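In: have a look at this prediction, sequence included:
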Amino acid sequence: MDSPFDDDLLRELTDACGVPGYEDDVRDVVRRELDETVDRVQTDAMGNVVGTLEGSGDTSVAVAAHMDEIGFMIRHVTDEGFVQVDPLGGFDARVLRAQRVTIHTADEDLTGVIGSVPPHTLTDEQREADDEVADVYIDLGRDAEAVAELVSVGDLVTLDQTLTELGDCVTGKALDDRVCLFAMLEAARRVEDPAVTIHFAATVQEEVGLRGANALGVDIDPDLAIALDVTVANDVPQIGEPADAVTEVGEGAAIKLKDSSVITSPKVHRRLTAVATERDIPHQHEVLPAGGTDTAGFQNSHGAKPVGAISIPTRYLHTVTETAAVDDVVATIDLLTGFLETETGEHDYTL
């Protein structure tokens, strides 16, 4: 497809490996991109990256998207040379069977596969059992002695997938949340001479409890925070009730009203809606029954804060085939840019 944005950067971000607490490869890309567009770039002790664009007024706004993806850490190598793992983030174990993975050792990256017992030999007990990450065994195609020499407890594991065009969409691993990280970096390129100081924040460890945002909210103490994350798009045949779709792919940026971690500030989501309407940006409203985002991390840090969030509708979350519409990514970039360009510091978000 003819991409309306820098799809090479999006591919670089999504294909990079960065599980919670080990976001190094993603952080390098973020620093490089922010260095070209903001006044200063800083990294804190947890690994959060903040690129600050100085405004003409006293108000500050934080925009956050997280760098980490779900993955694993090796917890044991069996005597037979198979690898067992502990999850870093919320995997649905059902989707892990027969997946190809990359094991990141101190010296090299190794390919492995998650084993799956052939249906011909499944016992009745195995057919009825629920899939669990604890039951995952990774096969490196090597004998036990070789595996013991190559990998160690604590080595990291990510699922092996690359970004691919899919009709009017893109699909791959780690769109959660690299596609929103990409949207934030694109908006940072576009905003010039803002009336407010903007902190473009790439956060860490969101997938294990919003840890980076919780710390960052204290350190930069913004007057207003806007978080970017993907959200559920259950607009697929397996979901029977339209109300359970949450959002629809291709219908525009999703303006979050609530999730299980936050109720966004009414005046903030109303202004986001007004900007989208005035600029004719496709948008929809999101009410997410379960799941949290960095939005809550900023709301709860260093005193009460007005918060809002923009989400990109994404099918098949927390799998290697996460799928989002290119037009929704464009709408998210346009909405974030429009909101920041019109933020004067004089909007009253108090209740």
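Out: Done, it's in.
In: quick check: residue 298 touching residue 223?
Out: No. Using Cβ atoms under 8 Å, residue 298 makes no contact with residue 223, being 10.8 Å away. Just so you know, the C-beta spots here come from the backbone N, C-alpha and C atoms, and that holds for glycine as well.
In: where do the contact lists of the two overlap?
Out: Shared contacts of residue 298 and residue 223, defined by Cβ atoms under 8 Å, 6 or more residues apart in numbering, are found at residue 305.
In: state the distance from the nearest residue to residue 198 once chain neighbours are set aside to residue 138.
Out: Using Cβ to Cβ, 6 or more residues apart in numbering and skipping residues adjacent in sequence, the residue nearest residue 198 is residue 53, 4.6 Å away. Applying Cβ to Cβ, to the nearest Å, the value for residue 53 to residue 138 is 43 Å.
In: again, but for residue 328
Out: 34 Å.
In: which of the two has more residues huddled nearby?
Out: Shown here are residue 328 and residue 138; by other Cβ atoms under 10 Å, residue 328 has more neighbours (30 against 26).
In: next, the contact list for residue 259, please.
Out: 231, 286, 288, 289, 290, 291, 292, 293, 295.
In: wait, I meant residue 95
Out: 318, 319, 320 are the contacts of residue 95 under Cβ under 8 Å, 6+ apart.
In: pull the number of nearby residues for the residue nearest to residue 198.
Out: Residue 53: 22 surrounding residues under other Cβ under 10 Å.
In: what of residue 31?
Out: 15.
In: tally up the residues packed near residue 249, please.
Out: Residues lying near residue 249 (other Cβ under 10 Å) number 21.
In: tell me where the protein has helices.
Out: For the chain, helices defined by DSSP state H occupy the ranges 7-15, 24-35, 124-128, 144-150, 175-190, 211-220, 266-278, 294-299, 326-341.
In: now do the fourth one: distance to the chain's middle.
Out: Mean C-alpha position of helix 144-150 versus that of the full chain (Cα atoms, centre = their mean, to the nearest Å) differs by 34 Å.
In: buried residues, it. List them.
Out: By 16 or more other Cβ atoms under 10 Å, the buried positions in helix 144-150 come out as 147, 150.
In: do stretch 338-351 as well
Out: 338, 339, 340, 341, 343, 345, 349.
In: not counting its neighbours along the chain, what's nearest the third one?
Out: If I follow you right, that is residue 340. Nearest to residue 340 is residue 191, by Cβ to Cβ, 6+ apart, at 5.1 Å.
In: contacting residues around that neighbour?
Out: Per Cβ under 8 Å, 6+ apart, neighbours of residue 191: 53, 198, 337, 340, 341.
In: could these be laid out in CSV, adding distance to residue 266?
Out: CSV is the format used below for these (distance: Cβ to Cβ, whole Å):
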residue, distance to residue 266
53, 27
198, 22
337, 23
340, 20
341, 22
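In: might one say that residue 196 is in contact with residue 344?
Out: Yes. Counting by Cβ under 8 Å, residue 196 touches residue 344, with 7.1 Å between them.
In: overlap in contacts of the two?
Out: With Cβ under 8 Å, 6+ apart as the test, residue 196 and residue 344 both reach 57, 59.
In: what residues does stretch 37-48 touch?
Out: 21, 23-24, 27, 31, 34-35, 49-54, 185, 188-189, 200-205, 211-212, 215-216, 219.
In: of these, select the buried ones using a PyMOL command.
Out: Burial among these is assessed by 16+ other Cβ under 10 Å; the matching PyMOL selection reads:
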select buried, resi 21+23+27+34+49+50+51+52+53+185+188+189+200+201+202+203+204+205+211+212+215+216+219
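In: who's in contact with the spatially most central residue of the chain?
Out: In the chain, the centroid-proximal residue (Cα atoms, centre = their mean) is residue 177; its distance is 1.5 Å. Neighbour list for residue 177: 65, 66, 67, 68, 69, 206, 228, 229, 230 [criterion: Cβ under 8 Å, 6+ apart].
In: swap in residue 343?
Out: With the criterion set at Cβ under 8 Å, 6+ apart, residue 343 makes contact with 59, 61, 194, 195, 196, 224.
In: for the fifth one, give me the pLDDT.
Out: Just to be clear, that refers to residue 196. Confidence at residue 196, expressed as pLDDT, is 97.
In: measure it to residue 53 for me?
Out: Distance from residue 196 to residue 53, by Cβ to Cβ: 9 Å.
In: likewise the first one?
Out: Applying Cβ to Cβ, one obtains 13 Å for the distance of residue 59 from residue 53.
In: where do the contact lists of those two overlap?
Out: residue 197.
In: beta-bridge partners for residue 322, please?
Out: On the basis of DSSP bridges, residue 322 takes part in beta bridges with residue 172.
In: break this structure into its domains for me.
Out: Domain ranges of the chain: 7-69+173-341, 71-159, per automatic domain parsing.
In: gap between the two ends of the longest one?
Out: Taking Cα to Cα, to the nearest Å, domain 7-69+173-341 runs 24 Å from one end to the other.
In: ok, now the shortest one?
Out: In terms of Cα to Cα, the two terminal residues of domain 71-159 are separated by 7 Å.
In: same question, stretch 131-138
Out: OK, stretch 131-138 end separation, Cα to Cα: 15 Å.
In: I'd like the mean pLDDT over it, please.
Out: Across stretch 131-138, pLDDT averages out at 86.
In: buried ones in it, by neighbour count?
Out: 136, 137, 138.
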